[in-house]
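Engineer: Output the structure for:
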Amino acid sequence: MYYYVDHTSRFQRNTGIQRCVRVIAAALMEVGVPLRPLVWNREQQDFETPTPQALAHLGQWSGPDPAGWGRGEVEARDTWLLIVELVRGPHQPTAAQLRRAAERRGLRLAWVFHDAIPVRLAGLYGPAAEATAASHRAYMAGLATADLVLANSHTTASHLRSFLQQQGLGAESVQALPLALEFPGVPRGAPRQPHGAEAGRPLRLLCVASLERRKNHAGLLKAVAWLVAQQRFAAELVLVGWPNDPAVVALVRRAQALGLPLRWEDAADDQRLVELYRWCDATVVASLEEGFGLPVAESLWHGRPCLTTVEGALGELAAGGGCLALAGCAWSQLVEGLDRWLTTPWLRERLAGEVQQRPLRTWSHYATELLDRLDAC
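Structural biologist: Sure, this is the predicted structure:
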């Protein structure tokens with residue numbers, strides 16, 4: 001199978017989509033698929049093989065072994081090109097260009113679709129909102145030409161089908177294939193015992209999210225500030241995320257200057273993330289919307305309950321257990337959820353038990369199902 005790695009092989013961060021590109025490649029290799037990597041040659045308007053340096057970069061953050069990429073004779077599944085990346089914007093090829101390049105090689109095209117957020121919540125993108133939404137609409141419309149689209153949650157599959165139908169485009173190729181609940185390369189963790197207050201220390205909360213408006217740091221920090229003012233926040237909070245939006249960075253720095261009990265780490269690698277998941281008692285995912293919610297999945301994999309919303313894709317994850325499902329992500333709803341968790345020991349124990357009992361699908365399971373979908377198409 002051919003596998004598109006253009007942006008991830010160059011990008012110096014490992015956000016959610018980059019993690020998907022890496023772990024899906026590694027999982028496909030693990031189940032025996034000799035992947036053949038491709039990047040985009042902008043001058044030739046065609047695919048080419050990435051450099052050894054690009055493959056070495058892909059191997060970071062629990063990515064695929066640079067020596068594990070397929071070579072030699074073409075195999076049966078080499079009729080497919082799988083694109084997990086988000087391919088959008090003025091410096092990226094269009095879906096039509098990718099389709100033509102694939103057809104020249106006799107390849108069928110499969111995409112993993114992550115979310116419709118820049119279209120649904122365009123206002124969060126500030127001055128770039130109109131251009132970002134237009135670019136994302138063009139990307140989503142281009143998916144109508146794919147032979148198969150695997151949306152990363154039932155919510156995103158519904159969003160994409162609705163969009164394509166509204167545009168008068170076919171949506172028959174769209175299927176839901178939710179992502180795995182595994183943190184790659186790390187054994188599943190057990191819940192922490194005892195939990196914070198019972199151990200005579202402040203409770204520990206972790207929020208893993210890029211610093212951008214959609215992740216709702218504003219609502220989370222307002223909730224924390226209110227609870228601190230009421231002397232009801234016997235906890236410490238660590239934020240992990242790269243500084244994608246200067247306004248959100250400024251908000252976090254103001255919160256720190258006011259003395260809120262929080263710390264921000266902007267460049268945590270996988271080893272550091274594992275340490276932080278093990279350090280915390282629970283995580284918070286306060287996003288206004290997610291396509292899937294990898295931080296929820298990874299929290300559960302490490303044995304840590306998660307406070308998150310019942311809405312959308314996050315609600316899909318919360319429904320399986322181990323999550324304190326909040327009615328929404330407004331700051332007042334975050335206050336209510338945080339206060340319940342901080343002041344209710346039996347609730348913390350119940351959630352910890354649910355995490356321990358919950359079946360969690362691995363990336364190998366995901367890769368096997370992905371291959372079944374390709375074979376059935």
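Engineer: Report the distance from stretch 316-327 to the chain centre.
Structural biologist: Stretch 316-327 sits 17 Å away from the centroid of its parent chain (Cα atoms, centre = their mean, to the nearest Å).
Engineer: Show me what counts as buried in it.
Structural biologist: Neighbour-count burial for stretch 316-327, counted by 16 or more other Cβ atoms under 10 Å, picks out 316-318, 320-326. For every residue, glycine as well, the C-beta is placed using N, CA and C.
Engineer: I would like the residues contacting stretch 231-243, please.
Structural biologist: Residues from elsewhere that reach stretch 231-243, judged by Cβ atoms under 8 Å, 6 or more residues apart in numbering: 13, 15, 196-197, 202-211, 215, 217, 224, 227, 249, 252, 260-268, 273, 276, 279-280, 284, 338-339, 342-343.
Engineer: Same check on stretch 261-272?
Structural biologist: For stretch 261-272, contacts defined as Cβ under 8 Å, 6+ apart pick out 14, 60-62, 184-186, 202, 211, 221, 224, 228, 233, 235-243, 252, 255-256, 276.
Engineer: Need the CA coordinates for it. CSV is fine.
Structural biologist: What follows is stretch 261-272, C-alpha atoms only, in CSV (Å, rounded to 0.1, in the frame of the first residue of the first chain):
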residue,chain,number,x,y,z
PRO,A,261,-2.2,26.9,40.3
LEU,A,262,-1.2,25.9,36.8
ARG,A,263,1.9,25.2,34.7
TRP,A,264,2.3,25.1,30.9
GLU,A,265,4.6,22.9,29.0
ASP,A,266,4.8,23.7,25.2
ALA,A,267,7.0,20.9,23.9
ALA,A,268,6.3,17.6,25.6
ASP,A,269,7.6,14.6,23.7
ASP,A,270,6.0,11.1,24.1
GLN,A,271,8.2,10.2,27.1
ARG,A,272,7.2,13.4,28.8
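Engineer: Would you mark the buried spots in that stretch?
Structural biologist: For stretch 261-272, burial by neighbour count (16+ other Cβ under 10 Å) applies to 261-262, 264, 268, 270.
Engineer: do stretch 274-287 as well
Structural biologist: Within stretch 274-287, the residues that qualify as buried are 274, 276-277, 280-287, counting by 16+ other Cβ under 10 Å.
Engineer: Just put the residues you listed in JSON lines and tack on pLDDT and secondary structure.
Structural biologist: Formatted as JSON lines, the buried residues of stretch 274-287 follow (pLDDT from 0 to 100; DSSP: H, G, I helix; E, B strand; the rest coil):
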{"residue": "V274", "pLDDT": "96", "secondary structure": "helix"}
{"residue": "L276", "pLDDT": "97", "secondary structure": "helix"}
{"residue": "Y277", "pLDDT": "97", "secondary structure": "helix"}
{"residue": "C280", "pLDDT": "96", "secondary structure": "coil"}
{"residue": "D281", "pLDDT": "96", "secondary structure": "coil"}
{"residue": "A282", "pLDDT": "97", "secondary structure": "strand"}
{"residue": "T283", "pLDDT": "98", "secondary structure": "strand"}
{"residue": "V284", "pLDDT": "98", "secondary structure": "strand"}
{"residue": "V285", "pLDDT": "98", "secondary structure": "coil"}
{"residue": "A286", "pLDDT": "97", "secondary structure": "coil"}
{"residue": "S287", "pLDDT": "97", "secondary structure": "coil"}
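Engineer: what are the ranges of the helices in the stretch 251-377 of the chain?
Structural biologist: For the stretch 251-377 of the chain, the helices defined by DSSP state H, counting those that start in this stretch cover 270-279, 294-301, 312-318, 331-343, 345-357, 363-376.
Engineer: Where strands are concerned, which of the buried residues of stretch 316-327 count?
Structural biologist: 323-326 (DSSP state E).
Engineer: Turn these into JSON lines, including distance to P90 and pLDDT.
Structural biologist: Output for these, formatted as JSON lines (distance: Cβ to Cβ, whole Å; pLDDT from 0 to 100):
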{"residue": "C323", "distance to P90": "39", "pLDDT": "98"}
{"residue": "L324", "distance to P90": "42", "pLDDT": "97"}
{"residue": "A325", "distance to P90": "39", "pLDDT": "94"}
{"residue": "L326", "distance to P90": "38", "pLDDT": "95"}
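Engineer: now, which of the residues you listed sits nearest S158?
Structural biologist: Nearest to S158 out of those is A325 (Cβ to Cβ; 19.4 Å).
Engineer: Quick check: chain neighbours aside, which residue is closest to Y277?
Structural biologist: H302 (3.8 Å; Cβ to Cβ, 6 or more residues apart in numbering).
Engineer: Could you do W301 as well?
Structural biologist: The spatial neighbour of W301 that comes closest, neighbours along the chain excluded (Cβ to Cβ, 6+ apart), is F183 at 4.5 Å.
Engineer: Mind listing residues that contact stretch 367-377?
Structural biologist: Stretch 367-377 has contacts (Cβ under 8 Å, 6+ apart) with 1, 24, 27-28, 30-31, 33, 77, 80, 82, 108, 110, 147-148, 150, 175, 177.
Engineer: repeat that with 7 Å
Structural biologist: Applying Cβ atoms under 7 Å, 6 or more residues apart in numbering, the contact partners of stretch 367-377 are 24, 27-28, 30-31, 33, 77, 80, 110, 147-148, 150, 175, 177.
Engineer: Between all of those, which two are separated the most?
Structural biologist: Among the contacts of stretch 367-377, E30 and D147 lie farthest apart (Cβ to Cβ), at 24.4 Å.
Engineer: quick one: pLDDT of V74?
Structural biologist: We have a pLDDT of 55 for V74.
Engineer: same question but for H195, I mixed them up
Structural biologist: 72.
Engineer: Over to F233?
Structural biologist: Looking at F233, its pLDDT is 97.
Engineer: gap between it and V335?
Structural biologist: Distance of F233 to V335, computed by Cβ to Cβ, to the nearest Å: 10 Å.
Engineer: for L374, same thing?
Structural biologist: L374 is 46 Å from V335, by Cβ to Cβ.
Engineer: What is the nearest of the buried residues of stretch 316-327 to P52?
Structural biologist: Looking across the buried residues of stretch 316-327 and measuring by Cβ to Cβ, the closest to P52 is L317, at 37.3 Å.
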